[in-house]
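*Asks:* Dropping a prediction and its sequence here:
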Amino acid sequence: MNNPLFMGVLMIVVLYFFMIRPQLKKQKEVKKFRENMKTGDKVVTIGGIHGKILEMNDSTVLISSEGTKIRLDKSAVATSSEDQLQVKA
């Protein structure tokens, strides 16, 4: 059991299951969320802006926040407002 090759393989397997796999799973969830966004959804951007989606294009979204309209890239939308409320509860 003192084989360096075995220890290296074991370290790679542990690294995969504790770091790489969860990150890949999270990326898939975010991609699915962004693909399923629709007009009227309440969202939170990566900058912390809370707003409602007014319009969507292939790569951008127009959100309204307290009377201000902002056009953002879809990748700037982090989560749904409902998801944020569930995390805090």
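*Replies:* Arrived safely, thanks for sending.

*Asks:* Quick check: phi and psi on residue 52?
*Replies:* Backbone torsions for residue 52, taken as degrees, to the nearest 10, come to phi -120, psi 130.

*Asks:* ok, it - contacts?
*Replies:* By CB atoms under 8 Å, 6 or more residues apart in numbering, residue 52 lies in contact with 40, 41, 42, 43, 63, 64, 65. For the C-beta atoms, the positions are set from N, CA and C on the backbone; glycine is no exception.

*Asks:* ok, now residue 33?
*Replies:* 79, 80.

*Asks:* Would you mind listing where this structure has pLDDT under the threshold?
*Replies:* 1, 83-89 (pLDDT under 70).

*Asks:* So which residues of it form helices?
*Replies:* Assigned by DSSP state H, the helices in the chain fall at 4-15, 21-35, 81-88.

*Asks:* Include distance to residue 52 when you put those helices into TSV, please.
*Replies:* Output for those, formatted as TSV (distance: least, CB to CB, whole Å):
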stretch	distance to residue 52
helix 4-15	41
helix 21-35	16
helix 81-88	9
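
*Asks:* which stretch among those helices comes nearest residue 51?
*Replies:* helix 81-88 (8.6 Å; CB to CB).
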